[in-house]
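A.B. asks: this is a predicted model, with the sequence first.
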Amino acid sequence: MGVVRNGLIIAAIGLAAVGCQNKLYEENKALRLQQQETQAKYAELANQPKGDPQQVQQLQGQIAERDAKIADLQNQLRQPTAGQANDPQIAGIETSFDKASGNMTVNVPGDVLFDAGRATLKDTSKGR
């Protein structure tokens, strides 16, 4: 029963990590598209003989902001998530593994998923 519980907890943590990775990937992809569109607008305006310097400067600022956001998202994607609580929704979760006994312990703050000392999921922790 403990192995099943540990397996469920590990699977839940793994799914949360994958979900975070997918979300970061999609945000990164959307920001890249926005950056390309902004760069195309900038190139169009820069090539016009009567370009508004204020508008060009504004577009350059937007490009710089998006470049910074893309770099931040790429750094987050490169960081390993196994065993870490990078997502604020799972912050505070601690894991330990006893190689000798083969037991993994996951400490979740509060009684979010299980009642203390129980292996049965609470109704409030189940998906809808």
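C.D. replies: It's in.

A.B. asks: low-confidence stretches in this structure?
C.D. replies: Judged by pLDDT under 70, the chain has its weakly predicted residues at 1-21, 49-51, 80-91, 108-112, 126-128.

A.B. asks: show me where this structure has helices.
C.D. replies: With DSSP state H, the ranges of helices along the chain come out as 2-47, 53-78.

A.B. asks: for the last one, packing partners?
C.D. replies: With contacts taken as 3 or more Cβ pairs under 8 Å, 6 or more residues apart in numbering; DSSP states H and E, helix 53-78 sits against helix 2-47. Where C-beta positions appear, they are placed from N, C-alpha and C, glycine not excepted.

A.B. asks: surely residue 106 and residue 94 touch.
C.D. replies: Yes - taking Cβ atoms under 8 Å as the contact criterion, residue 106 and residue 94 are neighbours in contact, 7.4 Å apart.

A.B. asks: against residue 34, how distant is residue 72?
C.D. replies: Summarising the geometry, the distance separating residue 72 from residue 34, computed by Cβ to Cβ, to the nearest Å, is 15 Å.

A.B. asks: repeat that for residue 45.
C.D. replies: Shown here: residue 45 relative to residue 34, a distance of 16 Å by Cβ to Cβ.

A.B. asks: what's the answer for residue 93, then?
C.D. replies: Distance of residue 93 to residue 34, given as Cβ to Cβ: 33 Å.

A.B. asks: of the two, which one has the most company?
C.D. replies: Taking neighbours as other Cβ atoms under 10 Å, residue 93 and residue 34 compare with residue 93 leading, 19 against 15.

A.B. asks: residues near the nearest residue to residue 25 once chain neighbours are set aside, how many?
C.D. replies: Excluding the flanking residues, the one nearest residue 25 by Cβ to Cβ, 6 or more residues apart in numbering is residue 77, at 6.6 Å. For residue 77, the tally of surrounding residues (other Cβ under 10 Å) stands at 14.
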